[in-house]
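S.K.: Build me a model:
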Amino acid sequence: MPNRNVFAAVVLTVTLAATAALQGCAGAGLTVLGAGAGTAAGTGVNHALSGVAYKTFALPSEEVRNAVLEALTTMQIKITGDEKTEAGRAIAAHAANREIAVEIEQVTPRGTRVRLSVEEGALFKNAATATEIMAQTIA
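M.R.: I've put the predicted structure just below:
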């Protein structure tokens, strides 16, 4: 089966070339391995490699702010701050040993971007909790 051997040689060559080209670039490797895994349960929530959740809403920023506050309240997460910032709003909250930070940025009059991070201790970001808060905000 000469075609099978040629195919195997081509696959091996491409793999080795990609490995050499991407050496030392963990982000590129993770992007390739995680292609298509950037959404959470069909909600359109995107994650950075750091575990931060992002979503852009086709709503005015005040409506998004109210939805975030309602989601946090529904989940019985204590809101510890809600301040106006240069870019929009910053909401802080706390649950168990998790610190939640929500940044709301008005991109257009009907376009609002939300950045949501949940820190669990000094080093760990909890993407699952961030995703659920965002899903509750969407609901």
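
S.K.: Worst mean pLDDT across the helices and strands of this structure, which element?
M.R.: In the chain, no helix or strand scores lower on mean pLDDT, DSSP states H and E than helix 26-33, which sits at a mean of 41.

S.K.: pLDDT below threshold where in the chain?
M.R.: Counting by pLDDT under 70, the chain has low-confidence residues at 1-49.

S.K.: residue ranges for the strands of this structure, please.
M.R.: 46-47, 53-57, 78-84, 88-95, 98-108, 111-120, 124-125 (DSSP state E).

S.K.: export the third one as PDB, just CAs?
M.R.: Pointing back at strand 78-84 there. Taking Å, rounded to 0.1, in the frame of the first residue of the first chain, the C-alpha atoms of strand 78-84 are listed here in PDB:
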ATOM      1  CA  LYS A  78     -23.000  39.200  47.900                       C
ATOM      2  CA  ILE A  79     -22.400  42.400  45.900                       C
ATOM      3  CA  THR A  80     -19.600  44.400  47.500                       C
ATOM      4  CA  GLY A  81     -19.200  47.200  45.000                       C
ATOM      5  CA  ASP A  82     -20.900  48.900  42.000                       C
ATOM      6  CA  GLU A  83     -19.000  51.900  40.800                       C
ATOM      7  CA  LYS A  84     -18.900  54.100  37.700                       C
END
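
S.K.: Just the angle for that strand relative to strand 98-108, thanks.
M.R.: Using axes from the mean of the first three to the mean of the last three C-alpha atoms, to 10 degrees, the direction of strand 78-84 lies 30 degrees away from that of strand 98-108.
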